[in-house]
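Novice: kindly return the folded structure for what I paste below:
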Amino acid sequence: MEYVLETDQLGKRYGGRWAVRDCTLRLPAGRVAALVGPNGAGKSTLLHMAVGLLRPDAGAVRVLGRAPYGDTELLSDIGFVAQDTPLYRDFTAAELVTMGGKLNRRWDAALARTRLAQLGLPPDRPVGKLSGGQRAQVALALALAKRPSLLLLDEPVASLDPLARREFLQALMGSVAETGATVLLSSHILADLERTCDYVVVLSASQVRLAGPTDELATSHRQLIGPRHDGGPIGGVAAVVRASHTDRQSTLLVRTDGPITDPMWTVREPSLEDTILAYLTEGDTRASHSEWGVAA
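Specialist: Okay, here's the model as predicted:
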């Protein structure tokens, strides 16, 4: 299998705090992947190391088999839309497309112009006077005009209203279908990601908690409801990800390694959102107990 992004025990520290630590993942080519995590989980730091804007303090990151930091030739194969879609606000969209042709060795100006025309964006208005959704579309069009092998998007829809988010994601999916780029999309809006992504990376407490194709995650996790669980083994369960209890009943989100046939358990298929939230909660709780110096 070809991987476009690989990290091995990757870490980045700011002062005495690790923003990303012991991060290991492999993103297969051709995927539209969601990078999910709470604020402060290290999503932006991971993307900035992948695009070569930050140097790792530990471990390694490789994009298309190469270390991105300081590799200017590799940058032509990476598209990046940073958080808050920073653009030269006094430039028009048409001027930004022209400038992109001057700064990039590979540039498909026709793709950018066609995309922006299809969206009805004015070519002669300063982008600072466009709406947030329109600015996001301009930034996406500029990133796609590079014809990148890997497109990294850092919270591109976080500040957009539901209609603008839908239009942005529709434009993204249409463009990816045409160009074949691999996408890693950072967001915390799970409903949007569930409709558009076929691969998930869950980052919590500076580490990867879960990674894999969405269809495999759906088949490998189950919710169990039954008598209060004493912590003993359950046939078919590889690990309990998250548990909640009452005096008489337990509800468990588990990762399976076989069929669960014990009749004492009612078995349900959790949604992708439920599975992701279980890993996020597990990671946050573990980190909090460690910081406070108390037993989990």
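Novice: just give me the neighbour total for Ala29.
Specialist: For Ala29, the neighbour count with other C-beta atoms under 10 Å is 15. Every C-beta, even on glycine, is put in place using the N, C-alpha and C of the backbone.
Novice: grab the nearest non-local neighbour of it.
Specialist: Nearest residue to Ala29 in three dimensions, chain neighbours excluded: Glu2, at 4.4 Å (C-beta to C-beta, 6 or more residues apart in numbering).
Novice: repeat for Ile260
Specialist: Leaving aside its sequence neighbours, Ile260 sits nearest to Gly236 (C-beta to C-beta, 6+ apart; 4.0 Å).
Novice: if we can go back for a sec, just confirm the residue nearest to Ala29 contacts Arg26, I think it does.
Specialist: No: between Glu2 and Arg26 there is no contact under C-beta atoms under 8 Å: 10.0 Å.
Novice: quick one: the helices in this protein?
Specialist: Assigned by DSSP state H, the helices in the chain fall at 43-50, 93-103, 109-118, 132-145, 162-179, 190-196, 214-219, 272-292.
Novice: reformat the ones you listed as CSV; add mean neighbour count.
Specialist: Putting the helices of the chain into CSV (neighbours: other C-beta atoms under 10 Å) gives the following:
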stretch, mean neighbour count
helix 43-50, 25
helix 93-103, 16
helix 109-118, 16
helix 132-145, 23
helix 162-179, 16
helix 190-196, 16
helix 214-219, 14
helix 272-292, 17
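Novice: lowest average pLDDT across these?
Specialist: Mean pLDDT is lowest for helix 272-292 out of the helices of the chain, coming in at a mean of 70.
Novice: which one of Glu2 and Arg26 is surrounded by more residues?
Specialist: More neighbours surround Arg26 than the other of Glu2 and Arg26, with 14 against 9 (other C-beta under 10 Å).
Novice: count the residues that sit near the residue lying closest to that one once chain neighbours are set aside.
Specialist: Leaving aside its sequence neighbours, Arg26 sits nearest to Tyr3 (C-beta to C-beta, 6+ apart; 4.6 Å). Using other C-beta under 10 Å, Tyr3 has 16 other residues around it.
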